[in-house]
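Visitor: build me a model:
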Amino acid sequence: MQKQKPEIDIVNEVLEECVMAYPISSFVIGLYQQYQRRGSLSKKQLEGLHSKASKIETIHPGKLATLEALIKKMRTRYNSEPPQLKPMFEKDKLAGELISSILQKYPQHKRVLFLSSRYENNETLSALEMDELKRFHQLLNK
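Guide: Numbers count the residues shown, from 1 in each chain. Model (predicted):
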């Protein structure tokens, strides 16, 4: 069955009155064309339309109230804040301390120099390499 009464389209009526009041406004014309194509406007666009329409003295206040009710009924989207930037690699402080203590006593230790270069280049040291560093440190502190 078809409806006997077509629905009243307040947004379209307000747009038409705004086009009549502001015939050279590209904003209003653009909103009108978009509404004709898509059949809807976003909340921000409706808020802009409401601010333009509220400046027109001949527009009926009931239409403005209905438009405002439509705007309040729509949901508001909030952008979440971007997450805090953190470095991709965090240096292991224990490895840095072990390397520096070993190199203070034996600055030419080739294996520790190699591990030191890997540590300075932000490469992760494996568990085997960490065990090796701990063993070297224990040997030096005996």
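Visitor: do I have it right that residue 67 meets residue 14?
Guide: Yes. If you go by CB atoms under 8 Å, residue 67 and residue 14 touch, sitting 5.6 Å apart. C-beta here means a position set from N, CA and C on the backbone, and glycine is covered the same way.
Visitor: more crowded one of these two?
Guide: residue 14 (25 against 22; other CB atoms under 10 Å).
Visitor: show me what contacts that one?
Guide: 49, 53, 59, 63, 64, 67 (CB atoms under 8 Å, 6 or more residues apart in numbering).
Visitor: where's it relative to residue 76, distance?
Guide: Going from residue 14 to residue 76 by CB to CB, to the nearest Å gives 21 Å.
Visitor: now residue 108: phi and psi?
Guide: phi -100, psi 10 (degrees, to the nearest 10).
Visitor: begin at 721 from now on, thanks
Guide: Happy to do that; since the first residue is 721 now, the last one works out to residue 828.
Visitor: what number of residues lie near it?
Guide: For residue 828, the count of nearby residues is 7 (other CB under 10 Å).
Visitor: for residue 791, see how far away it is.
Guide: Distance from residue 828 to residue 791, by CB to CB: 75 Å.
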